[in-house]
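# Give me a model of this one.
(one chain, ligands or ions: 2)
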Amino acid sequence: MMNQFVQNYVDGFMADLVAKNPGEKEFHQAVKEVLDSVAPYIVEHPYLMDQKILERIVEPERVIIFRVPWLDDEGEIHINRGFRVQMNSAIGPYKGGLRFHPSVNLSIMKFLAFEQTFKNSLTTLPMGAAKGGSDFNPKGKSDNEVMRFCQSFMTELQRHVGQDTDVPAGDIGVGSREIGFLFGQYKRLRNEFTGVLTGKGLNWGGSPLRPEATGYGTCYFASAMLATRGDSFKGKTVAISGSGNVAQYAAQKALQLGAKVVTLSDSNGFVYDPDGIDEEKLAYVFELKNIYRGRIREYAEKYPGAQYFENRRPWGIKCDIALPCATQNEINAQEAQTLVDNGCICVAEGANMPSEPEAIEIFQKAKLLYSPGKASNAGGVATSGLEMTQNSIRLKWTEEEVDAQLHRIMTDIHEACVKYGTEPDGYVNYVKGANIASFIKIADAMMAQGLV
Ligand code: NDP
Ligand code: 2IT
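Ligands and ions are numbered 1, 2, ... in the order given. Modelled structure (predicted):
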């Protein structure tokens with residue numbers, strides 16, 4: 001229970017934030033979640049209030065918005081909007097992904113950059129936080145169109161990034177193809193081969209396991225949560241949303257850990273395969289999505305044992321473990337209640353902020369093992385950090401070395417959450433743990449560096 005003073009602080013802070021950032025509902029949502037966790041800590045440490053640390057953290061250090069003009073294959077001109085929100089550099093150079101999706105706007109960029117601040121702090125590596133992207137829709141575009149877009153985007157972005165300044169990477173709509181085009185243009189404009197982006201190809205500066213890292217890390221984190229109750233993935237039924245980078249490798253690791261994966265989805269619907277999406281079927285999904293850029297519906301056409309549900313999300317399917325790996329706000333209160341009623345014991349977020357606040361409340365009230373994306377999907381950016389290290393020392397580690405480090409980092413994040421999030425009855429509130437652990441580290445670094 002929050003006392004009145006804390007409640008007033010939270011209400012006042014949110015009222016100011018909303019007034020100052022009108023209409024940015026995803027940003028408000030992300031800040032409110034952190035604020036609810038850290039407000040009692042801040043009130044107990046008045047110097048943090050005097051220093052206005054939280055007021056500083058919610059104000060991006062810099063926001064860059066730019067025009068991205070490009071020509072399609074027919075010679076028609078298109079104008080998109082590019083963004084880079086450089087949120088916080090207290091513990092290292094700005095770091096975070098680029099999202100290409102028609103829904104991208106300032107609110108989504110700021111919520112993602114804000115989440116990144118806390119996530120990167122949790123990784124134990126020296127990385128500040130940023131996010132960027134564009135309202136460009138890569139769906140249905142030719143490789144040449146994507147290349148021209150990426151070249152135009154980087155022609156402006158290159159002024160603002162660099163290996164010691166800001167290091168972007170992938171996110172929704174930005175994978176190895178886009179990172180290649182972006183890197184090529186940066187190198188051409190700047191005449192330097194440096195680690196300005198992560199998620200590069202293995203032969204040109206990429207780290208082993210970076211493509212796998214977010215999905216694998218999510219499963220490592222879920223394993224650590226399950227272990228607190230003497231449990232594991234073995235024999236469990238797993239529902240996954242999304243069918244992109246994070247979903248694919250979350251599915252692969254869940255299979256390796258002995259689970260049965262029964263769903264995958266995209267923005268048009270989901271497939272349910274009661275027999276399980278095994279290694280062979282998953283190989284088909286990799287090919288379908290990564291090479292042919294097809295739709296998940298085609299899975300049910302290829303495997304008649306599976307069913308396709310148009311315009312539906314997978315949370316009505318009975319499962320033990322749910323791994324939301326598509327996008328923000330993809331689990332509402334009703335879906336959360338269905339998961340709980342169906343006996344789900346663990347929800348580990350691979351996506352950023354996939355659960356609505358009311359859904360989180362339901363998971364926590366039912367004492368589920370529930371982890372926020374900033375903790376359980378941090379393996380992606382952590383491995384990006386390992387890619388930066390390899391670029392700096394001009395060496396490439398083996399897959400085994402990177403996997404061992406990823407594993408250690410996910411275990412360390414889990415321990416930090418347990419340390420700061422364990423409640424009097426023993427239940428671990430991973431939201432509270434993640435928010436407080438990361439906030440303390442960032443606040444400490446900001447205080448040490450003076451009023452900047
Ligand atoms: P991809 O672009 O590879 O895949 C995204 C998947 O989610 C696709 O299946 C896509 O379907 C679906 N999706 C996207 N937007 C929506 C939407 N509005 N409604 C329903 N489904 C949607 O992206 P990633 O796998 O890289 O990213 C997935 C999530 O993980 C995001 O929240 C991202 O921020 C987060 N994340 C990613 C990391 C990374 O390393 N890539 C690291 C940490 C977090 P469709 O094809 O129909 O668009
Ligand atoms: O949300 C995320 O952490 C990412 N999209 C990955 C960021 C990165 O820099 O690897």
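# mind listing what the residue nearest to Glu310 when sequence neighbours are not counted touches?
Once flanking residues are discounted, Glu310 sits nearest to Gly269: 4.4 Å by CB to CB, 6 or more residues apart in numbering. All C-beta spots, glycine's among them, are computed from the backbone N, C-alpha and C. Contacts for Gly269 (CB atoms under 8 Å, 6 or more residues apart in numbering) come out as 296-297, 308-312.
# ok, now with 10 Å
In this structure, Gly269 makes contact with 295-297, 300, 308-314, judged by CB atoms under 10 Å, 6 or more residues apart in numbering.
# So what's the residue count around Gln158?
17 (other CB atoms under 10 Å).
# Surely it touches Gly184?
No - between Gln158 and Gly184 there is no contact under CB atoms under 10 Å: 11.6 Å.
# returning to what we had before: kindly supply the PyMOL command isolating those of the contacts of Gly269 that are buried.
Buried residues among the contacts of Gly269 (16 or more other CB atoms under 10 Å), as a PyMOL selection:
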select buried, resi 295+296+300+308+309+313+314
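# could I get the contacts of Gly269 as JSON lines with pLDDT and secondary structure?
Shown next, in JSON lines, are those (pLDDT from 0 to 100; DSSP: H, G, I helix; E, B strand; the rest coil):
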{"residue": "Arg295", "pLDDT": "98", "secondary structure": "coil"}
{"residue": "Ile296", "pLDDT": "98", "secondary structure": "coil"}
{"residue": "Arg297", "pLDDT": "98", "secondary structure": "helix"}
{"residue": "Ala300", "pLDDT": "98", "secondary structure": "helix"}
{"residue": "Tyr308", "pLDDT": "98", "secondary structure": "strand"}
{"residue": "Phe309", "pLDDT": "98", "secondary structure": "strand"}
{"residue": "Glu310", "pLDDT": "98", "secondary structure": "strand"}
{"residue": "Asn311", "pLDDT": "98", "secondary structure": "coil"}
{"residue": "Arg312", "pLDDT": "98", "secondary structure": "coil"}
{"residue": "Arg313", "pLDDT": "98", "secondary structure": "coil"}
{"residue": "Pro314", "pLDDT": "98", "secondary structure": "helix"}
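# Could you dump the contacts of Gly269 into TSV with distance to ligand 2 added?
Listed next are the contacts of Gly269 as TSV, based on distance: CB to the nearest ligand atom, whole Å:
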residue	distance to ligand 2
Arg295	23
Ile296	21
Arg297	26
Ala300	29
Tyr308	28
Phe309	27
Glu310	28
Asn311	26
Arg312	26
Arg313	21
Pro314	21
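# got a markdown table for the contacts of Gly269, with distance to Ala326 too?
Output for the contacts of Gly269, formatted as a markdown table (distance: CB to CB, whole Å):
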| residue | distance to Ala326 |
| --- | --- |
| Arg295 | 14 |
| Ile296 | 11 |
| Arg297 | 15 |
| Ala300 | 18 |
| Tyr308 | 16 |
| Phe309 | 14 |
| Glu310 | 16 |
| Asn311 | 14 |
| Arg312 | 13 |
| Arg313 | 8 |
| Pro314 | 10 |
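# what touches both of Gln158 and Gly184?
Common neighbours of Gln158 and Gly184 (CB under 10 Å, 6+ apart) do not exist.
# Point out the residues in the protein that sit beside ligand 2.
95-97, 116, 119, 169, 171, 198, 352, 380-381, 384 (CB under 6 Å from any ligand atom).
# wait, which of these is closest to ligand 1?
Gly380 (3.1 Å; CB to the nearest ligand atom).
# right, and that closest one touches Lys119 too?
Yes - contact criterion CB under 10 Å: Gly380 and Lys119 qualify, at 9.1 Å.
# Could I get the full set of helices for the stretch 151-300 of the chain?
Under the criterion DSSP state H, counting those that start in this stretch, helices of the stretch 151-300 of the chain are mapped to 176-190, 210-227, 245-256, 279-286, 297-302.
# The last one - contacts with which helices or strands?
Here helix 297-302 is seen to pack against strand 269-272, helix 279-286, strand 307-310 when contacts are counted using 3 or more CB pairs under 10 Å, 6 or more residues apart in numbering; DSSP states H and E.
# just to revisit the earlier point, filter the residues of the chain next to ligand 2 down to just the ones in helices.
116, 119, 380-381, 384 (DSSP state H).
# The residue of the chain found nearest ligand 1: how many residues sit nearby?
For the chain, the residue closest to ligand 1 is Gly244, as judged by CB to the nearest ligand atom, at 1.8 Å. Residues lying near Gly244 (other CB under 10 Å) number 22.
# Ok, the one 10 residues further on next?
Burial of Ala254 is recorded as 27 neighbouring residues (other CB under 10 Å).
# Isn't it up against Lys260?
Yes - the pair Ala254 / Lys260 is scored as a contact, 8.4 Å apart, by CB under 10 Å.
# Touching both of those two, which residues are there?
Between them, Ala254 and Lys260 share the contacting residues 233, 236-238, 277, judged by CB under 10 Å, 6+ apart.
# Apart from its neighbours in sequence, what residue is nearest Arg148?
Per CB to CB, 6+ apart, closest to Arg148 is Trp70, 4.8 Å.
# what sits against that neighbour?
76-80, 136, 141, 145-153.
# Give me the contacts around the worst-scoring helix or strand of the chain on mean pLDDT.
The weakest-scoring helix or strand in the chain, judged by mean pLDDT, DSSP states H and E, is helix 46-50 (a mean of 94). Applying CB under 10 Å, 6+ apart, the contact partners of helix 46-50 are 9, 38-39, 41-43, 53-55, 439-440, 443-444, 446-447.
# rerun that using 6 Å as the cut-off
For helix 46-50, the external contacting residues (CB atoms under 6 Å, 6 or more residues apart in numbering) are 42, 443.
# in that helix, what counts as buried?
Leu48.
# Near the closest residue to ligand 2 within the stretch 1-150 of the chain, how many residues? Count them for me, please.
Using CB to the nearest ligand atom, the single residue of the stretch 1-150 of the chain nearest to ligand 2 is Gly97, 2.9 Å away. Other residues near Gly97 come to 24 when the count uses other CB under 10 Å.
# circling back: pick the most buried one from the helices and strands packed on helix 297-302.
Greatest average neighbour count among the helices and strands packed on helix 297-302 goes to strand 269-272 (a mean of 23), per mean count of other CB atoms under 10 Å.
# Using PDB, list the CA coordinates for it.
Provided in PDB are the C-alpha atoms of strand 269-272 (Å, rounded to 0.1, in the frame of the first residue of the first chain):
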ATOM      1  CA  GLY A 269      -3.800 -13.500 -36.800                       C
ATOM      2  CA  PHE A 270      -2.300 -16.500 -35.100                       C
ATOM      3  CA  VAL A 271      -1.700 -20.200 -35.700                       C
ATOM      4  CA  TYR A 272      -2.400 -22.900 -33.200                       C
END
